[in-house]
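Asker: 3D model of this:
(2 chains)
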Amino acid sequence: NAGVMQNPRHLVRRRGQEARLRCSPMKGHSHVYWYRQLPEEGLKFMVYLQKENIIDESGMPKERFSAEFPKEGPSILRIQQVVRGDSAAYFCASSDGQGGQPQHFGDGTRLSIL
Amino acid sequence: GESVGLHLPTLSVQEGDNSIINCAYSNSASDYFIWYKQESGKGPQFIIDIRSNMDKRQGQRVTVLLNKTVKHLSLQIAATQPGDSAVYFCAEFTGGSYIPTFGRGTSLIVHP
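Answerer: Presented below is the predicted three-dimensional model:
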């Protein structure tokens, strides 16, 4: 039974490029959450999505960041025109219902901006 | 012990000892808590949870204690093993919200 799958595991981008991070939730889960983890800091909530809907994006920067969870395929976190401060680990979690706990986490994408 | 600044608090123990990891949570209205374990290069892994109507919950080799009076949560690991070495952090939820507030974490180092 596959867990939450994130890819790529590591992503290197130059300033100004776009970064696309993908997340496939656990089988049977239709709720996806994205978090960001800066070095030696706690995880910070970014966005919560259900299939084809953004439920809560209160933690996501208003500019350059967007997220989607289409009917078919993985959830995508997209960062446009990346800057050095975007360097972080981005984690995706999934659950089987709204507010369902516990959320199951993927192993993250480590994004490095040159 | 504790340290300040950019480094995570670190707890070093010998294999076989019991470990106690602490978390001071921020919101007195928080009613659900989870302890996570995060190994290097991996995502957080659920360990145990507790609701605010309880003050203690036990799992396999782990016990979580909740003191609502002082907003304190602790994780006790019995007979600590080298495989327990990881960062441990707590998450608190308030009023049924699905958005957790995470603690910064404590690094547990187990010496064989």
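
Asker: ok, residues contacting the helix or strand bottoming out on mean pLDDT in chain B?
Answerer: Among the helical and strand segments of chain B, the one scoring lowest on mean pLDDT, DSSP states H and E is strand B:101-102, with a mean of 90. Residues outside strand B:101-102 that contact it (Cβ atoms under 8 Å, 6 or more residues apart in numbering or on different chains): A:42-44, B:25-27, B:30, B:36, B:89-94. For the C-beta atoms, the positions are set from N, CA and C on the backbone; glycine is no exception.

Asker: what residues does chain B put near chain A?
Answerer: B:6-8, B:32, B:34, B:36, B:41-46, B:49, B:89, B:93, B:96-105 (Cβ under 8 Å from any Cβ of the partner chain).

Asker: Take those and keep only those in strands.
Answerer: Among those, the members falling in strands (DSSP state E) are B:32, B:34, B:36, B:45-46, B:49, B:89, B:93, B:101-102.

Asker: I'd like the residues you listed as a markdown table, with distance to B:Ile20 appended.
Answerer: Converted to a markdown table, those look like this (distance: Cβ to Cβ, whole Å):
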| residue | distance to B:Ile20 |
| --- | --- |
| B:Tyr32 | 21 |
| B:Ile34 | 18 |
| B:Tyr36 | 17 |
| B:Gln45 | 19 |
| B:Phe46 | 19 |
| B:Asp49 | 18 |
| B:Phe89 | 15 |
| B:Phe93 | 23 |
| B:Thr101 | 22 |
| B:Phe102 | 20 |
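
Asker: Need the max-distance pair from these.
Answerer: The distance between the two most remote of those (Cβ to Cβ) is 18.6 Å, for B:Gln45 and B:Thr101.

Asker: If you rank the ones in strands among the residues of chain B next to chain A by neighbours, which is first?
Answerer: Greatest neighbour count in these, by other Cβ atoms under 10 Å in any protein chain shown, goes to B:Tyr36: 26 neighbours.

Asker: May I have the distance across stretch B:16-28, first residue to last?
Answerer: 35 Å (Cα to Cα, to the nearest Å).

Asker: ditto for stretch A:45-58
Answerer: 8 Å.

Asker: Is there proximity between it and chain B?
Answerer: Yes. With Cβ under 8 Å from any Cβ as the measure, stretch A:45-58 is seen reaching chain B through A:45, A:48, A:56, A:58.

Asker: May I see the buried residues of that stretch?
Answerer: By 16 or more other Cβ atoms under 10 Å in any protein chain shown, the buried positions in stretch A:45-58 come out as A:45-49, A:57.
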